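Trainee: I'll drop the sequence and a predicted model, then ask my questions.
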Amino acid sequence: MNSELAGRLTDEGHELDVRIYFEDTDFSGVVYHARYLHFLERGRSDFLRLKGIGHRQLMSGSLGNPMAFAVRKMEIEFLRPARIDEVLLVSTRTRQLGGARVLLDQSISRDGEVLVEAQVKVAVISPEGRPMRMPKRVLEVLAPETL
């Protein structure tokens, strides 16, 4: 694995740099609103990957029972636009852990200015799509030091 591609873990959670390409923008060079969901997903996936619990490990059951995460709810606020060729910072942190869910706070910023804020509720599901409790090992890995 090339860990530089996955961003970096921080004391608060995870950070990932994302460059804006032509494919991310509308005709005026402004990022299309739905693309921010892609950037946020990359942040969540790479956060898990660097914590040692990538999607393959979760589904294989190597960390407990086979499981997956599914976004159940997302509140997103678009504060400022981003434009082609800019480099954005996607930040992810665990706000709360439960037996069958994770609440995450995410933001996308440019040079310290927050462009997008999102609160994400992620459910733990079995490979068949049924709700389940999170394996203890996964809970331990995701728990931030400050919880």
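Mentor: Received the coordinates, thanks.

Trainee: which residue packs closest to Asp46, ignoring adjacent ones?
Mentor: Leaving aside its chain neighbours, Asp46 sits nearest to Ala6 (4.1 Å; criterion: Cβ to Cβ, 6 or more residues apart in numbering). Backbone N, C-alpha and C define where each C-beta goes, glycine included.

Trainee: What pLDDT is listed against the one you found?
Mentor: Here the pLDDT value assigned to Ala6 is 91.

Trainee: Find the centremost residue of this protein, please.
Mentor: Nearest to the geometric centre of the chain sits Arg44, at 1.7 Å (Cα atoms, centre = their mean).

Trainee: ok, residues contacting stretch 135-146?
Mentor: With Cβ atoms under 8 Å, 6 or more residues apart in numbering as the test, stretch 135-146 has contacts from 11-13, 51-53, 58, 63-65, 67, 93-94, 97, 102.
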